[in-house]
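Engineer: I would like to see how this sequence folds:
(2 chains, ligands or ions: 2)
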Amino acid sequence: MANVRLINIDKTFNKNKVLSGLNLEVPDGSFMVMVGPSGCGKSTALRCIAGLEEVTSGTIMIGDKDVTHMEPKDRNIAMVFQNYALYPHMNVYDNITYGLKVRGIPADERKRRALEAAKLLGLDGLLERMPRQLSGGQRQRVAMGRAIVREPSVFLFDEPLSNLDANLRNQMRIELRRLHQRLATTSIYVTHDQVEAMTLAEKILVLRAGHIEQYGTPDDVYLRPASVFVAQFMGSPSMNIVRAKAEGGNIFLPDGTKLSGVQAADINISGRSGDILLGLRSEDLIFDPEGDIHVTVDIVEALGSDTLAYCRPLSANPEKQESSSVIVRLQGSQRPASGDVIRLTARKGHGHVFDTETQLRCL
Amino acid sequence: MVEKKGLGRALSHAVLLFGAAIVLFPLYVALVATSHSYDVLIGTTPLWFGQELIKNFTTVLTQGLKAAGGIPVWVMMGNSLIMALGIALGKIAISITAAYAIVFFRFRGRELCFVLIFITLMMPVEVRIVPTFQVAANLNFIDSYAGLILPLIASATATFLYRQMFMTIPQELLEAARIDGAGPWRFFVDVVLPLSRTNTAALFVVLFIYGWNQYLWPLLVTNQESMYTVVMGIQRMVNIPDAVPEWNLIMAVALLGMLPPLLVVLGMQKLFVRGLVETEK
Ligand SMILES: Nc1ncnc2c1ncn2[C@@H]1O[C@H](COP(=O)(O)OP(=O)(O)OP(=O)(O)O)[C@@H](O)[C@H]1O
Ligand SMILES: [Mg+2]
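Structural biologist: Ligands and ions are numbered 1, 2, ... in the order given. Coordinates of the predicted model:
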């Protein structure tokens, strides 16, 4: 059990700066999920914590130990890889206990821990099998078992579920959660998957081009995104960002439409006037025959439980029309046709306002 | 595999039988020759067996050829076996460790090392045989097992094969082992060696035959009959001044000399074939 602290971490690969000035603390026993676009340095950050990459500068603390220059084996961490990295010539039991064997843990203790982990992960009948005789989900479990038996103070996961099909991924996600509830070991988890991030995380770290864009609880990140980047990255479909104007406590679209739903006071920008970026999630635009926003439906995607309508904002003056389109989430039973003009209102109190220059959230 | 029927099948069998006959015919002639006394073989090549098969084999195994020094063939076969095993195992040990270093360690001049090893692939033994002999003579290697084995023990081919095989071992496996606490030596013994088992078996067969069939080098580096190997010993038996070669005995030695490589191939066949076709990753 230990917390993890990164202090001013920089990482450079032949002059190519991949991580710059990372500062963060993962509290003891918490589950932290790292997200960010491909190539932003998530794996690199994880590998630096594991000790598989040497940091260029900065300090890594696990518990109260400075591990910056320690070998991976001395950091008391365990890592689960995307492609599982099971030893192909060892059976499940040997795979799980290899790390213990290397560390000189006696055979009966190894056996006890392996059986316990196998029971926890539902691997009971599979201990004699070779990795090639296992399904993807089972291999994933073995990789997890290998991490668990070591009883490390930190678990590191690099996209551990991304090679599984959607059903299995959901199932494993729940199991991971259950596991974390039982073991309460500090975990750092890298993923591409929004749902994994939102459901597993106690803290989410949004990484962008090697620096921290936002670090907070899932609610923070979803409900109070710190920047346009975070707002659009988290949530699916991504948040609608439209240019707007704040004036005298009201918010106007570029064509002059006054939004009755979103009041400046509701979203804490009463003092502000001038150009802003207004963020509205697809579910915060409501179908309303009386609504003040007119849009033309372009493409309709029926997802069953709801319908996504990709719309172009309609303006009284088409020349001034913004090119940005908006995505509206309607109920599954509502199926507008392409070309229809529909009317919407913004849900009360649910806008996000960002600065046009810095793209940061206006508080 | 394509299943053939009727005429096509008969035809392919005929072709295979014909090929097998061509390959086996010299062996048959050798066996027949072994079964005659030596005066029968002067000027003729009999095609059917005589009476002396057992006697001739016993003679070469226990007494050898009187005219060629009288060394029993089992001594030569022992020498050949030591040389072939030494060369095969030595080549494997050296090339597997060299390839391990080249693939898994980051050090200055890594690529250069590989290129240097690779370049020697293009140089046949014969090119460097005179300087090698000079070195071996200076080191007192003449008429010793070290002299038979050591100069042939480096192998660019095997190093290259191991390198290619190691490069297919996923990086994550190394990293998982590092996290599990395995150092370079543990990783080599626990992961790399078992994963290259089938490759090693295949390589062993090839290298054993290579070692067993060495001809030119043992010819140079041995003077005493007791250090002769079978393959070169045969040559010594044929070229005896002022005597008619005893073909019945020579053929017996040739047949005996073929036996160990054959046994190695048969014995390792299962692993060997797997090593050539299967990868366990
Ligand atoms: N060993 C390396 N040598 C040089 N550059 C590297 C190395 N490893 C990673 N990089 C670079 O560092 C950057 C970040 O890579 P990283 O693997 O951390 O991204 P990631 O966020 O994990 O992406 P993904 O989501 O696609 O896995 C990339 O631009 C990559 O090209
Ligand atoms: Mg990655």
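Engineer: Going by C-alpha atoms from here, please, whenever you check contacts or count neighbours.
Structural biologist: OK.
Engineer: Tell me how many other residues surround the residue in the stretch 101-250 of chain A positioned nearest to chain B.
Structural biologist: Closest to chain B within the stretch 101-250 of chain A is A:Val102: 6.2 Å, counting by C-alpha to the nearest C-alpha. Neighbour count of A:Val102, defined by other C-alpha atoms under 10 Å in any protein chain shown: 14.
Engineer: On the pLDDT front, check it for me.
Structural biologist: You'll see A:Val102 listed with a pLDDT of 93.
Engineer: From ligand 1, how far out is it?
Structural biologist: 27 Å (C-alpha to the nearest ligand atom, to the nearest Å).
Engineer: Check A:Arg347 too.
Structural biologist: Taken as C-alpha to the nearest ligand atom, the span from A:Arg347 to ligand 1 is 34 Å.
Engineer: wait, what's in contact with that residue?
Structural biologist: Counting by C-alpha atoms under 8 Å, 6 or more residues apart in numbering or on different chains, A:Arg347 makes contact with A:261-262, A:284-286.
Engineer: Quick check: which element contains B:Tyr28?
Structural biologist: Using DSSP states H and E, B:Tyr28 sits in helix B:6-34.
Engineer: after that helix comes which helix or strand?
Structural biologist: Downstream of helix B:6-34, the first helix or strand assigned by DSSP H and E is helix B:53-62.
Engineer: Only the C-alpha atoms, please, for that next one, written as PDB.
Structural biologist: The C-alpha trace of helix B:53-62 is given here as PDB (Å, rounded to 0.1, in the frame of the first residue of the first chain):
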ATOM      1  CA  LEU B  53      29.700 -59.200 -44.400                       C
ATOM      2  CA  ILE B  54      30.000 -59.900 -40.700                       C
ATOM      3  CA  LYS B  55      33.600 -60.800 -40.900                       C
ATOM      4  CA  ASN B  56      34.500 -57.500 -42.700                       C
ATOM      5  CA  PHE B  57      32.600 -55.400 -40.300                       C
ATOM      6  CA  THR B  58      34.300 -57.200 -37.300                       C
ATOM      7  CA  THR B  59      37.700 -56.700 -38.900                       C
ATOM      8  CA  VAL B  60      37.400 -52.900 -39.300                       C
ATOM      9  CA  LEU B  61      35.800 -52.400 -35.900                       C
ATOM     10  CA  THR B  62      38.400 -54.500 -34.000                       C
END
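Engineer: how many neighbours does the closest residue to chain A within chain B have?
Structural biologist: The minimum distance from chain B to chain A, using C-alpha to the nearest C-alpha, falls at B:Asp180 (4.3 Å). Neighbourhood size, B:Asp180 [other C-alpha under 10 Å]: 26.
Engineer: what's near enough to touch it?
Structural biologist: Contacts of B:Asp180 by C-alpha under 8 Å, 6+ apart are A:73, A:78, A:98-100, A:102.
Engineer: roughly how far apart are it and A:Tyr189?
Structural biologist: According to C-alpha to C-alpha, to the nearest Å, B:Asp180 stands 19 Å off from A:Tyr189.
Engineer: Kindly report the same for A:Thr257.
Structural biologist: A:Thr257 sits 44 Å away from A:Tyr189, going by C-alpha to C-alpha.
Engineer: How about A:Leu134?
Structural biologist: 24 Å.
Engineer: Can you name the residues of the stretch 51-200 of chain A sitting close to ligand 1?
Structural biologist: Neighbours of ligand 1 within the stretch 51-200 of chain A, by C-alpha under 6 Å from any ligand atom: none found.
Engineer: excluding its backbone neighbours, what's nearest B:Arg95?
Structural biologist: Wrong residue type there; residue B:95 is Ser, not Arg. B:Thr159 (4.3 Å; C-alpha to C-alpha, 6 or more residues apart in numbering or on different chains).
Engineer: you'd agree that neighbour is in a strand?
Structural biologist: No. Counting by DSSP: H, G, I helix; E, B strand; the rest coil, B:Thr159 is not part of a strand but helix.
Engineer: Report the contact partners of it.
Structural biologist: For B:Thr159, the contacting residues are B:94-96, B:98-99, by C-alpha under 8 Å, 6+ apart.
Engineer: Quick one: distance of the strand or helix carrying B:Phe133 to the chain centre.
Structural biologist: Assigned by DSSP H and E, B:Phe133 falls within helix B:129-138. Distance of helix B:129-138 from the chain centroid (C-alpha atoms, centre = their mean, to the nearest Å) equals 22 Å.
Engineer: go on, stretch A:196-216?
Structural biologist: On C-alpha atoms, centre = their mean, the centre of stretch A:196-216 falls 5 Å from the chain's centre.
Engineer: One more: stretch A:209-223?
Structural biologist: Computed by C-alpha atoms, centre = their mean, the chain-centroid distance of stretch A:209-223 equals 9 Å.
Engineer: got any ranges where the chain has weak pLDDT?
Structural biologist: No chain in the question, so chain A it is. A:263-271, A:314-324 (pLDDT under 70).
Engineer: You answered for a different chain; I wanted chain B.
Structural biologist: Along chain B, the parts satisfying pLDDT under 70 run over B:1-4, B:67-68, B:272-281.
Engineer: Alongside chain A, which residues does it contribute?
Structural biologist: B:170, B:172-173, B:175-182, B:191, B:194-195, B:280-281 (C-alpha under 8 Å from any C-alpha of the partner chain).
Engineer: Mark which of the residues you listed are buried, thanks.
Structural biologist: Neighbour counting with 16 or more other C-alpha atoms under 10 Å in any protein chain shown marks B:172-173, B:175-182, B:191, B:194-195 as buried within the residues of chain B next to chain A.
Engineer: tell me the angle the helix holding B:Tyr28 makes with helix B:53-62.
Structural biologist: 60 degrees (axes from the mean of the first three to the mean of the last three C-alpha atoms, to 10 degrees).
Engineer: ok, the residue lying closest to A:Leu303 once chain neighbours are set aside - how many residues close by?
Structural biologist: Spatial nearest neighbour of A:Leu303, excluding adjacent residues (C-alpha to C-alpha, 6+ apart): A:Gly332 at 7.2 Å. Neighbour count for A:Gly332, taken as other C-alpha under 10 Å: 14.
Engineer: What of the one 10 residues further on?
Structural biologist: Each residue near A:Ile342 was counted by other C-alpha under 10 Å, and the total is 20.
Engineer: Quick check: the residue of chain A nearest chain B.
Structural biologist: A:Gly99 (4.3 Å).
Engineer: Can I take it that that residue is in a helix?
Structural biologist: Yes. Looking at A:Gly99 with three-state DSSP, it is inside a helix.
Engineer: Wait, it touches A:Pro152, no?
Structural biologist: No. Contact criterion C-alpha atoms under 8 Å: A:Gly99 and A:Pro152 do not qualify, at 11.2 Å.
Engineer: what about these two, which has more around it?
Structural biologist: Counted by other C-alpha under 10 Å, A:Gly99 and A:Pro152 do not tie: A:Gly99 has more neighbours, with 25 against 17.
Engineer: List the residues that contact that one.
Structural biologist: A:146, A:150, B:177, B:179-182.
Engineer: Could you rerun that using 7 Å?
Structural biologist: Applying C-alpha atoms under 7 Å, 6 or more residues apart in numbering or on different chains, we find A:Gly99 in contact with B:180-181.
Engineer: quick one, strands of the stretch 151-300 of chain A?
Structural biologist: A:154-158, A:186-190, A:203-208, A:211-216, A:240-247, A:250-252, A:258-259, A:274-280, A:285-287, A:293-302 (DSSP state E, counting those that start in this stretch).
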